[in-house]
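**Student:** Give me coordinates for this.
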Amino acid sequence: MKVILHIGAHRTGTTSFQAYIRQNADFMRSRRIGFWGPLRTRKGLLSGIQPSFASTPKSARRARGRVHLNLHKAERNGTKTLLVSDENMIGTMRRNMRKRSLYDDVGERMSRYSAAFDGRIDTVVISVRSLNHYWNSVAAYCVARGHTMLEPDQRLRIAFGPRTWRDAIADVACAVPGARIVVVPFERTAGRPDAMFQALTGLHGPRTAAETWLNRSPSVPQLRELLAERGDNPNLIRGASERWTPFDPAASAAMREAYLDDIHWLTAGAEGLATLTEDLGQRGAGQTLPHGPLTRGHGHDNQERRMADPRGG
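**Tutor:** So this is what the prediction gives:
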């Protein structure tokens, strides 16, 4: 049985993809494709794999045994390919915001999942998104759920920090050395869960629910309304556009440049660590524009990975 992990990242259409799979259960069964999504993975199946205050060596062994038992059960039921999709496997948005960094513990987390699956993971698929859009979306999502606003210095630490998707991908590759690492740009699958299905399986997915786009970021008016309902100052959310952009233009430009550097690294082969998937077809223009050319000129080869901080230094 082929085991494929879809590990996110957050804010890259994971909820839409999981809903799409659930709505096409008959198609999945006919292809002998099994699915473990958050409705299963977060209700005890993967509990104990990651350390917690209540975890013990015994609970970790029990967690691995639980995974093995369910893998064998899926095989006995005739499953040929098992998709495991849960973006929380690589960490949480709350930790990213608290650490002002991009999944800084993903290597440790994925090594534990690799052990729990007993080295049977064939492919790990991770979606990436332009860093400015990713952090804008994460900030809006967290504020909508009651988290505090980022201070100006915290935004700068995020925008000009050294860690990018390249680092996270390299950590995953090292943590699951026997697996093929596939990277999918969110800009190619936004609002297209069938395209993500193709990236995961190599098969063309059904058209049922193929236009699903769930869990979008709250708009500026929605965020202001939420703050007002909580008794906070709605004027903390500024901007004339529909989407909230808490980062200033220089910070946003730095994150865009870092993402282009990551895509260039992936296009050039990612040092053999990962494969960039781009050829997913296109049904037509969507609301999210493509991220631009995926090749860079020779003048970029020796360029610094991050833009210079406009504050100096």
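
**Student:** wait, is residue 148 part of a helix?
**Tutor:** No - Residue 148 sits outside any helix when classified using DSSP: H, G, I helix; E, B strand; the rest coil, being coil.

**Student:** Can you tell me the number of residues neighbouring it?
**Tutor:** Residue 148: 10 surrounding residues under other Cβ atoms under 10 Å. To be clear about C-beta, it is placed using only N, CA and C from the backbone, and glycine gets the same treatment.

**Student:** The stretch 101-250 of the chain: strands as residue ranges?
**Tutor:** For the stretch 101-250 of the chain, strands defined by DSSP state E, counting those that start in this stretch occupy the ranges 121-128, 180-185.

**Student:** Go ahead and confirm residue 21 touches residue 39.
**Tutor:** No - contact criterion Cβ atoms under 8 Å: residue 21 and residue 39 do not qualify, at 10.7 Å.

**Student:** which other helices and strands contact whichever strand or helix holds residue 28?
**Tutor:** Using DSSP states H and E, residue 28 falls within helix 25-30. Helix 25-30 sits against strand 33-36, with contacts defined as 3 or more Cβ pairs under 8 Å, 6 or more residues apart in numbering; DSSP states H and E.

**Student:** picking up where we left off before, neighbour count: residue 21 and residue 39, which is higher?
**Tutor:** residue 21 (23 against 12).

**Student:** follow-up on the earlier one: let me have the strands of the stretch 101-250 of the chain in TSV, extended by mean pLDDT and distance to residue 173.
**Tutor:** As requested, the strands of the stretch 101-250 of the chain are arranged in TSV below (pLDDT from 0 to 100; distance: least, Cβ to Cβ, whole Å):
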stretch	mean pLDDT	distance to residue 173
strand 121-128	98	8
strand 180-185	98	5
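
**Student:** mind checking which of those is nearest residue 204?
**Tutor:** In terms of Cβ to Cβ, the element of these nearest to residue 204 is strand 180-185, at 15.5 Å.

**Student:** Buried residues, the closest one. List them.
**Tutor:** 181, 182, 183, 184, 185 (16 or more other Cβ atoms under 10 Å).

**Student:** again with stretch 157-174
**Tutor:** Going by neighbour count (16+ other Cβ under 10 Å), the buried part of stretch 157-174 is 158-161, 163-173.

**Student:** ok, so what distance separates residue 146 from residue 59?
**Tutor:** 30 Å (Cβ to Cβ, to the nearest Å).

**Student:** Please enumerate residues in contact with stretch 141-152?
**Tutor:** Residues outside stretch 141-152 that contact it (Cβ atoms under 8 Å, 6 or more residues apart in numbering): 10-11, 93-94, 97, 139, 158, 217-218, 222-223, 226-227, 230, 236-237, 246.

**Student:** confidence score at residue 286?
**Tutor:** In this model, residue 286 is scored at 39, pLDDT.

**Student:** Going forward, the N-terminal residue is numbered 32.
**Tutor:** In the new count, where the first residue is 32, that last one comes out as residue 317.

**Student:** three-state assignment of the closest residue in space to residue 79 that isn't next to it in sequence?
**Tutor:** Spatial nearest neighbour of residue 79, chain neighbours left out: residue 94 (3.3 Å); criterion: Cβ to Cβ, 6 or more residues apart in numbering. Of the three states, residue 94 takes helix under three-state DSSP.

**Student:** Enumerate every residue touching residue 94.
**Tutor:** By Cβ under 8 Å, 6+ apart, residue 94 lies in contact with 77, 78, 79, 80, 147.

**Student:** Got phi/psi on the fourth one?
**Tutor:** Translated: residue 80. Dihedral pair for residue 80: phi -70, psi -40, per degrees, to the nearest 10.

**Student:** In this structure it contacts residue 141, no?
**Tutor:** No - using Cβ under 8 Å, residue 80 is not in contact with residue 141; the gap is 10.5 Å.

**Student:** which one of these two has more residues nearby?
**Tutor:** Neighbour count, other Cβ under 10 Å: between residue 80 and residue 141, residue 141 has more, with 27 against 22.
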